[in-house]
Structures are given as C-alpha cells and as structure tokens.
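Enquirer: just a sequence and a predicted model for now, questions to come.
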Amino acid sequence: MQDALIRKLESFEELTEADRKALSALTLRIRRVPARTDLISEGDPPNSVHLILDGYACRYKVLPDGQRQIMAYLVPGDFCDLNVFILDQMDHNIGTITACQVVDIPRQAIVEITNDHPRVTQALMWCALVDEAVLREWLVNVGGRPANLRIAHLICELLLRLEAVGRVTGNSFSFPFTQIDIADTMGLSNVHVHRTLRDLRALGLIALKRRTLTILDVTRLKALCGYNPNYLHLKNTRWGVRRNIPWPSTGRRSS
Amino acid sequence: MMKPPHNVETLVVLQPIGVDTDSDDRQGLLVMANGLLVGVLVRLDTPGHEQLRGWFLEAGFGRLAGLRAPTFDTPEAAARWLRQRLKR
C-alpha cells in the first residue's frame, strides 16, 4: 500500500534509496477512514497533509443552496493538500468516496523531508504542478466539452492516473462513483450522467459492473473525446520511458 | 413583455410533446407559464436510472434556465414546484 506514493513520485523523479527510506518513514501511521467521511472541512486549520494510500476521495465545496461541486478526485498516491498547510484555513472540504487508507503527515515532517531531500522536493513540486494542470483540464472539460465527452475524458484520465500507481488490471479499475458524484463533478444532472454512461456502454466503449469500470476500446474512447494526456506530464518520466503510452501522439509531435 | 403583477397567480399549462433526448426518455411536456414556454419536462423511461423515476426538467428557460431541479412523481407536482420558482 505504501508503494503508491513512492511509485507516483518515481514517475516524476528518480529517487535514491535514502529518498525512498525517508518517504517510507512518512507513511508509518496509516488511518482507516470509512466511505463518505470528511478528512477535513472548509474553515478547519490545516495542520497536516493528507495522503491517500488506498481508496478514492474528492475535493468539494457546497453552495448555499446545498448544491455540491466536486473539483478533484484523489486516488492512491495523491496528496490532498500538499501546500495547503501554509495557509491558515481550508477553503474547501476533502471527503472520502470509498473507505480509504490515509496518512496524516505533520507539516513539520514535510518541511524536514523537503529540506533534506532535493529530489523528493522536486517530485513533490511536480505533483503539485500536475494537480494544477489537472484542475485546468477539468475547467476546460466542464466549460468546453459536451456531456458525453466530459465523462469519456474523465474515464481516460482515471485510466492513466490509476495505471501510474498500479491500480489498473487489463483496462479495468475501481469506479465507485455514483451517478450523483459524477453529476456533481461534471456540472451535469444525474439524468444526463446516466444517459451518457448508457450511451458509452451501448457504443461498446466501456463496461460497468459492480463498481468496476472496464474500457473495452481505449483507442476509440480516447479518439471520441480527443484525449490528450499531455497535462498529466507522464511522457518525460521514467514511467513514460518504461511504458509505451498507447495514445497516438498529438500536437507538436505529429506535425 | 411586461411581467404580471405578483398578486396574479402564474397560469402554468402543460402541453404534450415528443422530445429527442438521445435516449429512451421521449415523452415530454412543454411547460407554459402565462403563455410563454419556460421549460420542458421529460418522463424518465431509460432503464437503470439510479433512484430516478418520474418527471425531469430537461430544459428551462428564463428564470428556470440552468436550474438543477429534482425529479417529480407527477407532472402536476413538477408544475407546482416550477410555479413556486417562477414566483421568486
């Protein structure tokens, strides 16, 4: 389980044995959190950094009329709030979707490891930058793509992010989100989410059984939403070198 | 067009219409308020909706635009709810 973090960071930066040892020391005390539980709420002082080792969580806000907006999905290896501890209060909530294994890393431990391990610092900065890039892409997704392509895009992204931390088997991965979760993420009604998922199934692109999603045709699903994984910045990584990313290259490389 | 004064009850009329939602949900109702189209309701007939049945506000116009409404058991319940929204 502890591997998720090291595995993710190593996909950004080559780590030494000492780096890996220091990272392992961060994740000694693992807390089990039930599904649908807040790890930290809006207004709370962020005293530690939460790291998800297993399970899925999300970052969300609730509007005055009760409408929830999910701004991020957090999967194994993701820090919920890497730099938030610098601020004095949370401006959003972080809650689990499934039961999770969570590590609470005191801010002092983060300060120490970043002082002593430059490669870890670099990798953590990379993580934070990629989180921002994902947020930008989600903004594009919600503002610029029609309902069916938004959801197709999300599924493509989850495939890559989960694959990077070893949570994909034969293009299948855990998909515990309810239609309401997806609706609140994509700015859609749950009716539209249901229709879209049904549509993607009817097109033979995905199968969804007992909260496990299988992408039946990765190439076609990617082509449908014009998926470009550049924002995950996995290409120039060890992970990218070792693995042959099955997407046809786009943008500058194709010209 | 001038809005009716607040003490006059909004007259909501439902008018059957087929709707292409690119799904099995086809049976629809135009929602007319004081003679103007304010929304389109659609009956949810696609199998497997999670906890969803009844009537759904497929589209809203004017004050109902972009509104995420709940689903309703009957068109009359939807009309009552929409009339409340139009009053505000």
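Expert: Yep, that arrived.
Enquirer: residues touching the residue positioned nearest the centre of chain B, list them.
Expert: Residue closest to the mean C-alpha point of chain B, counted by Cα atoms, centre = their mean, is B:Leu41 at 4.1 Å. Neighbour list for B:Leu41: B:Leu14, B:Gly28, B:Leu29, B:Val31, B:Trp55, B:Phe56, B:Leu57, B:Glu58, B:Phe72, B:Pro75, B:Ala78 [criterion: Cβ atoms under 8 Å, 6 or more residues apart in numbering or on different chains]. For glycine as for every other residue, the C-beta is placed from the backbone atoms N, C-alpha and C.
Enquirer: state the number of residues packed around the fourth one.
Expert: Other residues within reach of B:Val31, judged by other Cβ atoms under 10 Å in any protein chain shown, total 26.
Enquirer: over to the one 5 residues further on?
Expert: Residues contacting B:Leu36 under the criterion other Cβ under 10 Å number 10.
Enquirer: A:Arg220 too?
Expert: Summarising burial for A:Arg220: neighbours were counted as other Cβ under 10 Å, giving 13.
Enquirer: which element is it on?
Expert: When secondary structure is defined by DSSP states H and E, A:Arg220 falls within helix A:218-225.
Enquirer: close to chain B, is that helix?
Expert: No - with Cβ under 8 Å from any Cβ of the partner chain as the measure, helix A:218-225 is seen stopping short of chain B, the closest distance being 14.7 Å.
Enquirer: got a list of contacts for that helix?
Expert: Outside helix A:218-225, the residues that touch it by Cβ under 8 Å, 6+ apart are A:145, A:148-150, A:152-153, A:155-156, A:159, A:171, A:200, A:203, A:205-206, A:215, A:227, A:246-247.
Enquirer: how about it: buried residues?
Expert: Buried positions in helix A:218-225, judged by neighbour count with 16 or more other Cβ atoms under 10 Å in any protein chain shown: A:Val218, A:Leu221, A:Lys222, A:Leu224, A:Cys225.
Enquirer: roughly how far does the second one sit from A:Gly187?
Expert: It refers to A:Leu221. For A:Leu221, the distance to A:Gly187 (Cβ to Cβ, to the nearest Å) stands at 21 Å.
Enquirer: the fourth one too?
Expert: Using Cβ to Cβ, one obtains 19 Å as the distance from A:Leu224 to A:Gly187.
Enquirer: wait, isn't A:Trp126 in contact with A:Phe12?
Expert: Yes - with contacts counted by Cβ atoms under 8 Å, A:Trp126 reaches A:Phe12, the gap being 4.0 Å.
Enquirer: between the two, which contacts overlap?
Expert: Residues touching both A:Trp126 and A:Phe12 comprise A:His233, with contact defined as Cβ under 8 Å, 6+ apart.
Enquirer: of those two, which one has the most company?
Expert: When A:Trp126 and A:Phe12 are compared on other Cβ under 10 Å, the one with more neighbours turns out to be A:Phe12, at 24 against 17.
Enquirer: what comes into contact with stretch A:178-196?
Expert: Contacts of stretch A:178-196 from elsewhere in the structure, counted by Cβ under 8 Å, 6+ apart, are A:58, A:60, A:67-70, A:73, A:97, A:141-142, A:147-148, A:150-151, A:154, A:177, A:197, B:21-23, B:25, B:44, B:46, B:48-50, B:52, B:56, B:58, B:68, B:71.
Enquirer: residues in contact with A:Arg36?
Expert: By Cβ under 8 Å, 6+ apart, A:Arg36 lies in contact with A:Gly95, A:Thr96, A:Ile97.
Enquirer: quick one: A:Gly95 from A:Phe12, how far?
Expert: To A:Phe12, A:Gly95 is 26 Å away according to Cβ to Cβ.
Enquirer: B:Gln27 now?
Expert: When Cβ to Cβ is the yardstick, B:Gln27 and A:Phe12 sit 52 Å from each other.
Enquirer: next one: B:Gln15
Expert: B:Gln15 sits at a distance of 58 Å from A:Phe12 (criterion: Cβ to Cβ).
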